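*Asks:* structure for the following, please:
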Amino acid sequence: MIFKVFYQENPDEVPVREKTKTLYIEAESEREVRQKLKNRTINIEYIQPLEGAHLEYEKQSPHFHVLEI
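*Replies:* Modelled structure (predicted):
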């Protein structure tokens, strides 16, 4: 399954919507996503599972690139 992760690059700052970034990652569960990203110094705001029509819509974005870990 593909997950869309919303995050802030600086974990020490208060999250600000304008600084939110996203990445896409393949994993079996939200727990596995967090495990794969644990060595990165980011503040994860939200992890959204993508499937069906929503996944197809996201694939049309020029920013869609699944992170390989």
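*Asks:* would His54 count as being in a strand?
*Replies:* No. With DSSP: H, G, I helix; E, B strand; the rest coil as the criterion, His54 is assigned helix and is not in a strand.
*Asks:* mind listing what it touches?
*Replies:* Remark: with contacts taken as C-beta atoms under 8 Å, 6 or more residues apart in numbering, His54 is in contact with nothing. Using the backbone N, CA and C atoms, a C-beta is placed for each residue, glycine as well.
*Asks:* how far away is it from Phe3?
*Replies:* As judged by C-beta to C-beta, to the nearest Å, His54 and Phe3 stand 12 Å apart.
*Asks:* can you tell me what sits against the lowest-mean-pLDDT helix or strand in the chain?
*Replies:* Every helix and strand of the chain was ranked by mean pLDDT, DSSP states H and E. The lowest is strand 66-67, at a mean of 92. Strand 66-67 is contacted by residues 2, 23-26 when judged by C-beta under 8 Å, 6+ apart.
*Asks:* which one of those residues is nearest Asp12?
*Replies:* Leu23 (19.6 Å; C-beta to C-beta).
*Asks:* and Tyr57, helix, strand or coil?
*Replies:* helix.
*Asks:* burial measure for it, as a count.
*Replies:* 11 (other C-beta atoms under 10 Å).
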